[in-house]
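A.B. asks: have a look; sequence and predicted model below, questions after that.
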Amino acid sequence: MTGQLPASAYRAQEDGGVFSSLVPASASELEVLRESTPGLPEAFYTFAKEIGLGQTLDGVALYLPEPAVAVPDQSSAQLYNGEAMRSLRTMLGGHPPTPPALDLTRVYEFCHTGASWSYCFVPDQGPAVYALDYSGPTLNADYESFADFIESLIGPSDGSEDRTTHGAP
């Protein structure tokens, strides 16, 4: 089942669990998303409908996916790609490599970390969850599936382990 979520996601929705602050998305919101953005993982729709979206108790914001085309306008992207950063990189050892062109029209952000990257879906590339680094911009597949991403947000019950590979709050 492609829309299946780990049982731990439902436990994390219970009172005091990391997902207990999330609010289920409406059927109409999800239908509009499904029509406008084909190819998103079914597990995302299940999560949004049954668990919810919003800010988790530990501060991770999950929202309806939106096109990442505005990345060049983000302040962190401008900082990392601005003249001051280019000058600093040149001063410290030469020119940085030029990242490959990235088509942001098919990249959909659903979780901004508060740092210089967001978690995204790339429907043409399968079910993986990607980290979109604004400093390139570049994409890296961080999780094999949305269910794996959700598991990383739950973490161990004692909270002692890192929640994501990029240290999202």
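C.D. replies: Alright, I've got the coordinates.
A.B. asks: pull the helix or strand with minimum mean pLDDT from this protein.
C.D. replies: helix 75-81 (a mean of 47; mean pLDDT, DSSP states H and E).
A.B. asks: now the protein, which segments are flagged as low pLDDT?
C.D. replies: Residues of the chain that meet the criterion pLDDT under 70 lie in 1-2, 69-92, 94-103, 105, 114-116, 135-136, 156-169.
A.B. asks: grab the nearest non-local neighbour of Ala48.
C.D. replies: Leaving aside its chain neighbours, Ala48 sits nearest to Ala25 (4.1 Å; criterion: Cβ to Cβ, 6 or more residues apart in numbering). Backbone N, C-alpha and C define where each C-beta goes, glycine included.
A.B. asks: where do the strands sit along the protein?
C.D. replies: In the chain, the strands defined using DSSP state E lie at 54-55, 61-62, 66-67, 108-112, 117-121, 129-133, 138-143.
A.B. asks: can you lay out these as CSV showing distance to Gly3?
C.D. replies: Putting the strands of the chain into CSV (distance: least, Cβ to Cβ, whole Å) gives the following:
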stretch, distance to Gly3
strand 54-55, 20
strand 61-62, 16
strand 66-67, 21
strand 108-112, 16
strand 117-121, 14
strand 129-133, 15
strand 138-143, 16
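A.B. asks: Leu30 contacts Thr46, correct?
C.D. replies: No - between Leu30 and Thr46 there is no contact under Cβ atoms under 8 Å: 9.9 Å.
A.B. asks: does Leu53 touch Ala25 like I think?
C.D. replies: Yes - shown here, Leu53 and Ala25 form a contact pair, counting by Cβ under 8 Å, at 5.5 Å.
A.B. asks: if we can go back for a sec, what's the burial count for the residue nearest to Ala48?
C.D. replies: 21 (other Cβ atoms under 10 Å).
A.B. asks: show me what contacts it?
C.D. replies: Ala25 is in contact with 48-49, 52-53, 64, counting by Cβ atoms under 8 Å, 6 or more residues apart in numbering.
A.B. asks: in helices only, show me the residues you listed.
C.D. replies: 48-49 (DSSP state H).
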